[in-house]
Structures are given as structure tokens and as C-alpha cells.
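A.B. asks: fold the following, please.
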Amino acid sequence: MCDDEGMDDAQHLRSAESADVITLPDGVRLGPRSWVATTSAGQDVVDAIAAEPQTTLLAMDFDGTLAPIVSDPTQSRILPASRDAIGHIGAALGGCAIITGRPVQAVREMAGLDTDPQLHHLVVLGQYGVERYDVASGKLIVPDDPPQVRRAVSELTERIDQMCVADSRLAGTHVEDKGRAVAVHTRRARDSKAAWRIFAPLCHEVADQHDLHAEEGREVIELKAESIGKDDALRELQEQTHAKIIVMCGDDLGDVSAFGVVDEWIRHGGSGARVVSYSAEQPQLASHADILCDGPEGVAAFLDEIARRVATTSE
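C.D. replies: Predicted coordinates for the structure are as follows:
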């Protein structure tokens, strides 16, 4: 794979009047490491959770939501503040889960699930729900890797390595083998915009050749065998927990389908919220938000508020 360390992560866009405030086109102002309710559902959801935590399903994406986006995806780690908040509230909720495109094993390591007893109540749905891990019981479900993904990993690695050698702008592009999926990251490329323009079409071409589904995200394109999405995983959790309050936290295009589940639930009279971890890379996701957070730090603050309220009402 190509490798280069000269690429800085994208930064949040801040308003001209204050370096500490994000001002969105609709006038919403978001302070650093904070969160704000943008709809009536968002305004009501913390009160609803505090009143009936046992009927609440809290589902969270990992990268960009619980963990900051980093140049090297293998170095992603959950924020300690989010881990502590989840530890304090998870046992009180009807369901608490991480829904991610990453393999379960990666999340187990990056979140320290097997070493922190506070997180024993978590369920991890990896690869968009194809894999499942119940921390409390230790039950792990991981199907065999699809052969077409293995072929796509080999082809993408070979072709991208060759193209990086031929064009130095592309150096730093990273092919991540996720077992049941393969992801191409352009974030660390010397010229990330050029890398995206060149490799996005290549990924779609390889996906078509191997009958895979290509999904674009924040400077990453993922190829997977199943058409299953986070909406399917969230619906499965809702059926299992019989939740009356549904909260989904995410930051990228792969979370939009799950936001749709929550939106439908709210429109039919249910309680819940779509919690968006805002980034300058995907600013359009703010339009999906009932709760808008300043990146993973803002999500941590939102989770901490839930933990505080649940603890107060249970005293």
C-alpha cells in the first residue's frame, strides 16, 4: 500500500465572528465540544430518556462519533469521556449498542470492551450488522469472509500501489482489509482531492466487477458484499429491545439510513433523536439532525448529559 505522513486532518469551519463557534447556514450556532437541539424531538429527548431509561435504545457509530477521525484508521480510539458516559448510563438503558462498518474485533480493541467492566452491557454490530458481539455473554457471531471481497482486496491493493508509484500525488492512499469488506482511504494522500477524483471511480469499477456494493464516506469508499445497512441493524435492535425511545448517533453518509429509521419513528408519534456529529467534511448531515454535536467531543458532552440526568432521576 502507498504510505505518506504529510496529510493533516480537515478542521471544522468556524464562523468569522468567533473562532470558537460553528455557524451553519440556517443560523444554528454550535460551540466547541458542545451540542444543541435543532428540532422539538431533540429538545424533548433527554427528558424522555431520563423519565424512562429502561425503554431507551441508544445506538452509536464509532469512527467520527465516539472516536475522532484520524489519519491512520488502525489508531482510532474511543474518547475517554464517551467511554465513561456510556459506562454510567448503559446498564440503565433498554439497549446500548455500537453499529459500525468496522469488524467487531477492531472495535473490541479500540474501545477496550474486554478490559473495562463498565462496558459489559454493550452490544456491537460490526460490518453494518453482519457481525455481532455481546460483551456480557461473550457470544460472537462472525460469518466467513465472502470470496469476492478477497478478490477485490487483492485487485485494489495491486492497482492502487501501481498508481501511487506512477503519480506521487496519490502517495498515502490506504487500502484497509476489513475481512467482509475493503475500504480505500484517501485522507493521507499527498493530494487527497486528486486521490479521491482518481480512486472513487476505480472503486466503483471494482465493485461492479465483483458484484459488491460501494459506499462513499468521509474520504473513504467501502466495498462490501451485503446490501445490509445500519438501518437494518437498528431495526433489529429495536425489535429485540422493544424500545419506545430510539437515539442514533452518527457522522457520515453510512448513518443516514439509520437516521431514516429514527425519523420515521418520530413521525409516527415515537420519541427519539438523530444525533449528528458535525464535521466540515460532511456538513450536509446537519440537515438530518435533531441534536447537533461539535464532533466526537460534542457527542461525549451529549452522552454525559444523559448520564447526569439518568443518575439524578434514579436517586
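A.B. asks: any idea how far the most centrally placed residue in the chain lies from Q282?
C.D. replies: Nearest to the mean C-alpha position of the chain, by C-alpha atoms, centre = their mean, lies D61 at 3.1 Å. Using C-beta to C-beta, to the nearest Å, one obtains 12 Å as the distance from D61 to Q282. C-betas here are computed from N, CA, C, even on glycine.
A.B. asks: likewise for R187?
C.D. replies: According to C-beta to C-beta, R187 stands 13 Å off from Q282.
A.B. asks: cool, P103 as well?
C.D. replies: P103 sits 23 Å away from Q282, taking C-beta to C-beta as the criterion.
A.B. asks: cool, E216 as well?
C.D. replies: With distances taken as C-beta to C-beta, E216 is found 10 Å from Q282.
A.B. asks: these two: who's more crowded?
C.D. replies: More neighbours surround Q282 than the other of E216 and Q282, with 20 against 15 (other C-beta atoms under 10 Å).
A.B. asks: ok, that one - contacts?
C.D. replies: Shown in contact with Q282 (C-beta atoms under 8 Å, 6 or more residues apart in numbering): 218, 251-253.
A.B. asks: now swap in A207 and tell me
C.D. replies: Counting by C-beta under 8 Å, 6+ apart, A207 has contacts 152, 213-214, 223.
A.B. asks: quick check: neighbours shared by R187 and Q282?
C.D. replies: Common neighbours of R187 and Q282 (C-beta under 8 Å, 6+ apart) are R218.
A.B. asks: hang on, the earlier thing: overlap in contacts, D61 and Q282.
C.D. replies: With contacts taken as C-beta under 8 Å, 6+ apart, D61 and Q282 have 251-252 as neighbours in common.
A.B. asks: CA atoms of stretch 130-139 as CSV?
C.D. replies: Backbone C-alpha positions of stretch 130-139 (Å, rounded to 0.1, in the frame of the first residue of the first chain) are rendered in CSV as follows:
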residue,chain,number,x,y,z
VAL,A,130,-23.3,-8.9,9.7
GLU,A,131,-21.1,-9.5,12.8
ARG,A,132,-22.4,-9.3,16.3
TYR,A,133,-20.7,-9.4,19.7
ASP,A,134,-22.5,-9.4,23.1
VAL,A,135,-19.9,-8.2,25.6
ALA,A,136,-21.8,-9.5,28.7
SER,A,137,-22.1,-13.1,27.4
GLY,A,138,-19.0,-13.1,25.2
LYS,A,139,-21.1,-14.5,22.3
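A.B. asks: what about the helices in this protein?
C.D. replies: Using DSSP state H, the helices of the chain run over residues 40-51, 80-89, 104-110, 147-166, 192-209, 230-241, 256-267, 295-314.
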